[in-house]
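1. Just to be clear, the model below is a prediction. Sequence and coordinates:
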Amino acid sequence: MVFLIIVSVSILFLLVALYFVRKPDKELAQKHKNGAVLLDVRSKGEFASATISGAINIPHNELAKRIDELDKSKSYITFCSQGVRSVKAKRALRSKGYLQSYNGGAIHDLERKLE
């Protein structure tokens, strides 16, 4: 009985955590219209296969060593394939002083929001 309660609570915690990790920031379309840069943090191969028009690509695993390529005075909307790497990238950017960084989540969700 105790085991079932522990497993149930663990699953509930995981689902809530995933919701907040993958939840994109609101008002992204307006931020983009105001000049926010779309930052695709997927791999080079994923970027080459498809992206959102005008996006730049810095893969998540290269962001720490390439962060100086970005301008702290600009706003950034990060996105990836499922939304996990984009939230990690947003957090990394903010921790390095890129305070106008926003999570765009999954590429297909962001595309719909920007239409």
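-> Perfect, thanks for sending it.
2. Okay, and the residue nearest the centre of the chain sits in which element?
-> Among the residues of the chain, the one closest to the centroid is S86, at 2.1 Å (Cα atoms, centre = their mean). Assessed by DSSP states H and E, S86 sits inside helix 84-95.
3. Contacts for that helix, please.
-> Here helix 84-95 makes contact (Cβ atoms under 8 Å, 6 or more residues apart in numbering) with 21-22, 24, 39, 41-42, 60, 63-64, 67, 70, 76, 78-80, 101-106. Backbone N, C-alpha and C define where each C-beta goes, glycine included.
4. redo that, cut-off 7 Å
-> Defining contact as Cβ atoms under 7 Å, 6 or more residues apart in numbering, one finds that helix 84-95 is touched by 21-22, 39, 41, 60, 63-64, 76, 78-80, 101-105.
5. just stretch 56-73 next, same as before
-> 37, 39-44, 47, 76, 80, 85, 88-89, 92, 96-98.
6. one more time with 10 Å, if that's ok
-> 37-48, 51, 76, 78, 80, 84-86, 88-89, 92-93, 96-101 (Cβ atoms under 10 Å, 6 or more residues apart in numbering).
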